[in-house]
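Trainee: coords below, sequence missing:
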């Protein structure tokens with residue numbers, strides 16, 4: 001993979017020019033993307049900007065995020081050729097930081113369940129995950145150093161785990177979702193993919209102008225709670241091994257590590273996540289589902305068919321559970337600095353019929369807390385598996401620092 005921080009250091013030292021860095025990514029895209037299929041559109045004539053902390057850094061944008069320079073088709077035939085008049089604020093934030101937007105990466109249709117044709121860069125017989133399939137595959141395949149995705153259930157953290165990249169789903173609304181096709185306004189979150197935790201932190205710090213998000217050069221040993229999410233079912237062997245490996249490495253590096261059980265209200269929040277997501281999806285897709293029913297992606301259409309009966313009363317009750325669960329989770333962080341949990345049940349499933357199961361991600365999305373995927377092990381078939389580091393709402397710097405600690409511990413272990 002291409003390290004954003006290493007590349008930026010070389011650019012600042014004059015060892016490589018910003019345009020040469022852009023050319024490196026373009027050459028990698030040309031060499032690899034015919035096989036992987038991470039991009040829907042890209043600009044072969046992309047050039048570097050001359051100023052900004054991300055000058056010379058190529059970024060891919062998930063195709064449910066508005067861009068003025070490229071179509072935004074949302075993985076759906078309904079929006080084939082759709083050209084927004086302007087960039088989404090997150091895209092403008094990257095441009096203001098000096099980044100070069102090279103193109104649009106694949107998304108499952110409307111960031112839902114219907115898979116893309118994108119392949120896992122580590123084993124092309126397996127899914128890269130979804131819905132941010134292209135962004136994860138483009139970074140994991142060494143084509144680009146930074147990409148944007150979105151998460152409503154597990155669509156940043158899970159594909160990052162499957163494709164072996166670091167990634168962050170920041171605190172809810174740290175990054176604006178204006179100009180992002182809405183699925184669920186209570187859940188949708190823009191996230192980033194990069195080669196390492198420090199790379200993710202550097203990208204997020206630059207686009208938000210928040211230097212406090214940069215991962216420190218040395219991190220004090222944190223108090224870590226290991227959460228298995230038993231209410232979500234048992235993981236596969238590779239998922240369980242990844243969690244155990246990360247916990248062991250952190251403990252050997254000096255962290256205080258202990259297993260934590262979540263309060264029952266938090267488990268209940270995990271159970272009602274789909275109620276909130278599906279109720280809001282019916283409103284978000286009212287035009288597409290009502291006026292373009294036959295053109296809707298079949299898995300999403302079936303999901304909407306099955307959830308017509310969710311009532312405002314059901315929704316209001318679920319929102320109340322979520323609010324109480326957030327308060328209970330906040331109290332858990334009085335005991336620990338960060339949580340470490342599963343990023344996925346295990347390695348990426350074989351085939352493209354499924355993008356994998358988000359059951360270990362959706363609670364944290366509903367809670368709105370920052371989550372960082374840390375690549376942890378390589379399972380059979382060369383398939384990566386990661387773990388998720390979670391911190392309290394608004395403590396994105398803490399999440400990144402704790403994740404950097406775990407990442408460094410794994411490298412030493």
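Mentor: Everything's here; your move. On a predicted model such as this, the values are computed, not experimentally measured, just so you know.

Trainee: list the contacts of residue 63.
Mentor: Counting by C-beta atoms under 8 Å, 6 or more residues apart in numbering, residue 63 touches 40, 72, 73, 74, 75, 104, 105, 106, 107, 134. Every C-beta, even on glycine, is put in place using the N, C-alpha and C of the backbone.

Trainee: surely the third one touches residue 40?
Mentor: Yes - applying C-beta atoms under 8 Å, one finds residue 73 in contact with residue 40, separated by 6.6 Å.

Trainee: what is in contact with those two at once?
Mentor: With C-beta under 8 Å, 6+ apart as the test, residue 73 and residue 40 both reach 63, 104.

Trainee: what's the helix or strand for residue 365?
Mentor: Using DSSP states H and E, residue 365 falls within helix 362-367.

Trainee: now do that helix: distance to the chain's middle.
Mentor: Averaging C-alpha positions (C-alpha atoms, centre = their mean, to the nearest Å) puts helix 362-367 13 Å from its chain's average.

Trainee: name the strands paired with the helix or strand just after it and say parallel or antiparallel.
Mentor: Sequence-wise, the next helix or strand downstream of helix 362-367 (DSSP H and E) is strand 371-379. Strand pairing for strand 371-379, using DSSP bridges, gives strand 166-169 (antiparallel), strand 383-390 (antiparallel).

Trainee: pipe these into TSV and attach mean pLDDT and mean neighbour count per row.
Mentor: Listed next are the strands paired with strand 371-379 as TSV, based on pLDDT from 0 to 100; neighbours: other C-beta atoms under 10 Å:
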stretch	mean pLDDT	mean neighbour count
strand 166-169	99	31
strand 383-390	98	28
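
Trainee: ok, which of these comes nearest residue 100?
Mentor: Of all the strands paired with strand 371-379, strand 166-169 sits nearest to residue 100, with 20.3 Å by C-beta to C-beta.

Trainee: re the thing from before, so which elements touch the helix holding residue 365?
Mentor: helix 264-284, helix 312-332 (3 or more C-beta pairs under 8 Å, 6 or more residues apart in numbering; DSSP states H and E).

Trainee: got the buried residues for that helix?
Mentor: 362, 363, 364, 365, 366, 367 (16 or more other C-beta atoms under 10 Å).

Trainee: same question for stretch 388-406.
Mentor: Using 16+ other C-beta under 10 Å as the test for burial, stretch 388-406 gives 388-393, 395-406.

Trainee: so which of the residues you listed belong to helices?
Mentor: 396, 397, 398, 399, 400, 401, 402, 403, 404, 405, 406 (DSSP state H).

Trainee: so residue 173 sits in a helix?
Mentor: No - using DSSP: H, G, I helix; E, B strand; the rest coil, the secondary structure at residue 173 is coil, not a helix.

Trainee: contact partners for it?
Mentor: 189, 368.

Trainee: and it, its phi and psi?
Mentor: Dihedral angles of residue 173 (phi, psi; degrees, to the nearest 10) stand at phi 70, psi 10.

Trainee: from residue 240, how far off is it?
Mentor: 33 Å (C-beta to C-beta, to the nearest Å).
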